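In: give me a model of this one.
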Amino acid sequence: MQVYKQRTHNCGELREVHVGQKIILNGWVESQRDLGGVIFIFIRDLFGKTQLVFNESTSEEVMNLAKKLRQEFVISISGDVILRTTANINKDIQTGTIDILVTSLIILNESKTPPFSISGSEELNEELRLRYRYLDLRRPSLQKNILLRNKVYSAVRNYFSENGFIEIETPILTKSTPEGARDYLVPSRVQPGKFYALPQSPQIYKQLSMIAGFDKYIQIAKCFRDEDLRADRQPEFTQIDVEVSFPTEEIIQNYTEKMIQRIYKEVKGIEIKTPFARIPYKIAIEKYGSDKPDTRYGLEINNYTELAKNSGFELFEKAISSNEVILGIVILNGSKFSRKQVDELTEKSKENGAKGLVFLKVTENGLEGSAVKFFTDVFKDKIIKESGAKVGDAISIIADSTDTAFTILGNIRIHLANILKLIPENVNSLVWITDFPLFEYSKEDKRYYSAHHPFTAPNLEDEKLLDKDPGKVRARAYDLILNGNEIGGGSIRIHNSELQSKIFSLLGLKKEEAETKFGFLLEALQYGAPPHGGIAFGFDRIIMLLTGSISIRDVIAFPKTRSATALMEDAPSNVTEEQLRELHLRSR
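Out: Below you'll find the predicted structure:
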């Protein structure tokens, strides 16, 4: 083992004020330029990089050692801080006004040639990056993301601590309960044939913490879901988990808004205005075709069903007689679309499930388009007037079942915003979506499912509908949307055992099954459970949006692939027969 001195500075902090000082730096070799009598080397650490100089004043021993240096060697150097000439100042790095004239060099560890350049900016194969994640994490772009993640973590914990929240750790080994995704199961060695589950969320435990009287709970918790993966989803993820006793929706939302303010202020230096807008679920679907709308641009959906009843267009009138709807979006300057662009938009609508698309251009002579010849003159005039379309605009229209039509136009709306470059930069649109339906009905399974989770309280005004028409019951639930991305969701919880049992029953859980899976919660609710509610935030997704990353894997230190594989450590992997026998298992 090489003996080396502790560094006096890191590789990103030396400036002109340090000129003349003797310093010690430790770090990695980023690059080397040997110009014969002079060698230049960049030394790098987490904090930045500094240029080292070896020249005619350097001892022969140190110069020979410097010639051996290669990328990613770990070194310790001593030297003098010298000032660069004006012509040689490097404005791209913080230490660009100085160099270090090296007097002593120790190679602490050599390195094999890395499989990719640590300092390069080229696109890298993700599998290669994840296979050598410890090298990938040396790259400044990823280190910047992880450092920002740490700042957000600290801001969140400090905010909730200052507001009287108690940090409570909940179990990782827990009971398997249905929460909408498959559980990761863990076999018990001492209880043959029985299994723990990794928690999909700490939902039940944080409710029990309120029943226990802890008033305000916070945890930055690990959660696990065995589900299909995508760019913003991982099998294990981090959640900011919050619960409050005796709340209203406004109390939870107020805490949330101040937390978001704190994050943006401390991490990005941006002032976020509150309160955030509130949009009922029904309005969000009807205006934006989504329950997570991006409100940074227009392209709002219009309903032309009533207007189209006397359009003269058989396709529209036949759709309406089949209880379908006629919806459209006004495209500013859409009359400039070429035939190719119209065809691409039509194809995009079909990819999203549309039967077709009617494209109308608004010109000085009125409407133009292949369907216009079928329209009545009254309909032509009314649709221009009611849509608000101006000369030069276009109207894209589809006819389909209600849910399908809104979903299709919601996706078309996003597509149009991207191709027309309507999304403004450096704008943060934060909105609450409220008044969600409590249940979603599955025609395939012929049963109701929870729109959020089975512990969500129904709207007080709608409780009477639970027996008559459960599909019309609204939930005391709320989601927080940032630029079209859901970053948090929560609700006021059921705190009455009888009501909770009733909800389980409506969800198709028989009494015995509910007792088996949730008996401890139902029992706890009978011992003076206070009204309570909370919210949970996708921590990784927030960091992804703050950093502008396109994948959640770029803001997690050691993520899994889309197939839930850890390439670096090769997990999941086979285990020995002896391990299986200890767990009373056999591999099939």
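In: what's the first-to-last distance across stretch 486-505?
Out: Taking C-alpha to C-alpha, to the nearest Å as the measure, stretch 486-505 stretches 29 Å from start to finish.
In: next one: stretch 30-42
Out: 5 Å.
In: likewise for stretch 191-210?
Out: Stretch 191-210: ends 30 Å apart by C-alpha to C-alpha.
In: so how far is stretch 499-508 from its chain's centroid?
Out: Distance, stretch centre to chain centre, for stretch 499-508: 32 Å (C-alpha atoms, centre = their mean, to the nearest Å).
In: and the gap between the closest residue to Leu327 other than its chain neighbours and Asp435?
Out: Of all residues beyond its chain neighbours, the one nearest Leu327 is Ala405 (4.9 Å), with distances taken as C-beta to C-beta, 6 or more residues apart in numbering. For every residue, glycine as well, the C-beta is placed using N, CA and C. Separation of Ala405 from Asp435 (C-beta to C-beta, to the nearest Å): 21 Å.
In: before we move on, what SS does Tyr255 have?
Out: helix (DSSP: H, G, I helix; E, B strand; the rest coil).
In: settle this for me: it is touching Asn163, isn't it.
Out: Yes. Between Tyr255 and Asn163 there is a contact under C-beta atoms under 8 Å: 6.9 Å.
In: more neighbours, these two?
Out: Tyr255 (21 against 12; other C-beta atoms under 10 Å).
In: could you check which of Ala405 and Asp435 has the larger neighbour count?
Out: Ala405 (25 against 18).
In: check which helix or strand covers that one.
Out: helix 402-419 (DSSP states H and E).
In: list the buried residues in that helix.
Out: 404-417 (16 or more other C-beta atoms under 10 Å).
In: of those, closest to Phe374?
Out: Closest to Phe374 out of these is Ala405 (20.0 Å), distances taken as C-beta to C-beta.
In: which ones are touching the closest one?
Out: 324-325, 327, 398-399 (C-beta atoms under 8 Å, 6 or more residues apart in numbering).
In: ok, now Glu13?
Out: 47-48, 94-95.
In: 7 Å - rerun?
Out: Applying C-beta atoms under 7 Å, 6 or more residues apart in numbering to Glu13 gives the contacts Phe47.
In: distance of it relative to Val81?
Out: Distance from Glu13 to Val81, by C-beta to C-beta: 11 Å.
In: same check, this time on Leu525
Out: 67 Å.
In: swap in Asn88?
Out: 15 Å.
In: which of these two has more neighbours?
Out: Val81 (21 against 11).
In: confidence score at the more buried one?
Out: Val81 carries a pLDDT value of 98.
In: and for Ile320?
Out: pLDDT, read off for Ile320, is 95.
In: over to Leu509?
Out: 86.
In: now do the phi/psi pair for the nearest residue to it once chain neighbours are set aside.
Out: Take Leu509 and drop its neighbours on the chain: the residue closest to it by C-beta to C-beta, 6+ apart is Lys517, 7.4 Å away. Backbone torsions for Lys517, taken as degrees, to the nearest 10, come to phi -90, psi -30.
In: with Phe436 instead?
Out: According to degrees, to the nearest 10, Phe436 has phi -70, psi 160.
In: and it, what does it touch?
Out: Phe436 touches 281, 451-452, 474-475, 477, counting by C-beta under 7 Å, 6+ apart.
In: can you do 8 Å?
Out: Neighbours of Phe436 in contact, by C-beta under 8 Å, 6+ apart: 281, 291, 451-452, 474-475, 477-479.
In: of the residues you listed - the most surrounded one?
Out: Ala477 (27 neighbours).
In: for the nearest residue to it once chain neighbours are set aside, give me phi and psi.
Out: Taking C-beta to C-beta, 6+ apart, and ignoring the residues beside it in sequence, Ala477 has Ser491 as its nearest neighbour in space, at 3.9 Å. Main-chain dihedrals, Ser491, degrees, to the nearest 10: phi -170, psi 160.
In: what is the burial count for Ser491?
Out: 23.
In: what's it in contact with, if anything?
Out: Shown in contact with Ser491 (C-beta under 8 Å, 6+ apart): 452-453, 455-457, 475-478, 533-534.
In: what do you get for Ala212?
Out: So Ala212 contacts nothing (C-beta under 8 Å, 6+ apart).
In: measure it to Ile172 for me?
Out: Ala212 is 19 Å from Ile172, by C-beta to C-beta.
In: low-confidence ranges in the stretch 51-200 of the chain?
Out: Applying pLDDT under 70 to the stretch 51-200 of the chain flags residues 178-180.
In: all helices of it, in order?
Out: Along the stretch 51-200 of the chain, counting by DSSP state H, counting those that start in this stretch, helices occupy 60-67, 126-131, 133-136, 140-162.
In: identify whichever of those helices lies nearest to Glu110.
Out: Here helix 60-67 is closest among the helices of the stretch 51-200 of the chain (C-beta to C-beta), at 11.8 Å.
In: other SSEs contacting the closest one?
Out: strand 39-45, strand 48-54, strand 98-109 (3 or more C-beta pairs under 8 Å, 6 or more residues apart in numbering; DSSP states H and E).
In: now render those as JSON lines, adding distance to Ser154 and mean neighbour count.
Out: Formatted as JSON lines, the helices and strands packed on helix 60-67 follow (distance: least, C-beta to C-beta, whole Å; neighbours: other C-beta atoms under 10 Å):
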{"stretch": "strand 39-45", "distance to Ser154": "21", "mean neighbour count": "20"}
{"stretch": "strand 48-54", "distance to Ser154": "21", "mean neighbour count": "23"}
{"stretch": "strand 98-109", "distance to Ser154": "31", "mean neighbour count": "18"}
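In: tell me which of those sits nearest to Val427.
Out: Going by C-beta to C-beta, the one of those nearest Val427 is strand 48-54, 30.9 Å.
In: so how far is that closest one from its chain's centroid?
Out: 38 Å.
In: who does that strand pair with, and is each partner parallel or antiparallel?
Out: Sheet pairing here is set by DSSP bridges, and for strand 48-54 it gives strand 39-45 (antiparallel), strand 98-109 (parallel).
In: picking up where we left off before, in a markdown table: the helices of the stretch 51-200 of the chain, plus mean neighbour count.
Out: Formatted as a markdown table, the helices of the stretch 51-200 of the chain follow (neighbours: other C-beta atoms under 10 Å):
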| stretch | mean neighbour count |
| --- | --- |
| helix 60-67 | 14 |
| helix 126-131 | 16 |
| helix 133-136 | 17 |
| helix 140-162 | 16 |
